[in-house]
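K.L.:
any chance you can model this:
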Amino acid sequence: MPMYMDIHRNVEGITQEALDEAHRKDLEVHAKHGVEFVNYWYSESEGAIFCLCKAPSKEAAEAVHREAHGGVADEIIEVQQGG
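P.N.:
Here you go, the predicted model:
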């Protein structure tokens, strides 16, 4: 299954607690869309969040965020894991 990195830019007030809650909400609905979230990272100084998932399509990955909490990514990029 393809892997995607989504990027959320210009997010104000990023906290670990808020990210944990958003991720929990993603996990509640991800299977419904055939998506498996692998991990996420954030940069408080840049106001950016990065989510890595396995999904059948970019649209499926986007649908999870939209349904779970409305935090749609600014960009979704298909990626391959390096060695």
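K.L.:
mind naming the longest helix for the protein?
P.N.:
helix 16-29 (DSSP state H).
K.L.:
residue 18: neighbour count?
P.N.:
15 (other C-beta atoms under 10 Å). Every C-beta, even on glycine, is put in place using the N, C-alpha and C of the backbone.
K.L.:
before we move on, back to that, how far off helix 16-29 does the helix or strand following the longest helix of the chain point, in degrees?
P.N.:
As assigned by DSSP states H and E, the chain's next helix or strand after helix 16-29 is strand 36-43. Strand 36-43 and helix 16-29 are oriented at 160 degrees to each other (axes from the mean of the first three to the mean of the last three C-alpha atoms, to 10 degrees).
K.L.:
touching strand 36-43 from outside, list them.
P.N.:
Contacts of strand 36-43 from elsewhere in the structure, counted by C-beta atoms under 8 Å, 6 or more residues apart in numbering, are 1, 3, 11, 14, 19, 23, 26-27, 30, 48-55, 64.
K.L.:
show me how far that strand is from its chain's centre.
P.N.:
The chain centre lies 6 Å from the centre of strand 36-43; the measure is C-alpha atoms, centre = their mean, to the nearest Å.
K.L.:
sorry, back to before: for the longest helix of the chain, buried residues please.
P.N.:
Neighbour counts over helix 16-29 (16 or more other C-beta atoms under 10 Å) mark 19, 22, 23, 25, 26, 29 as buried.
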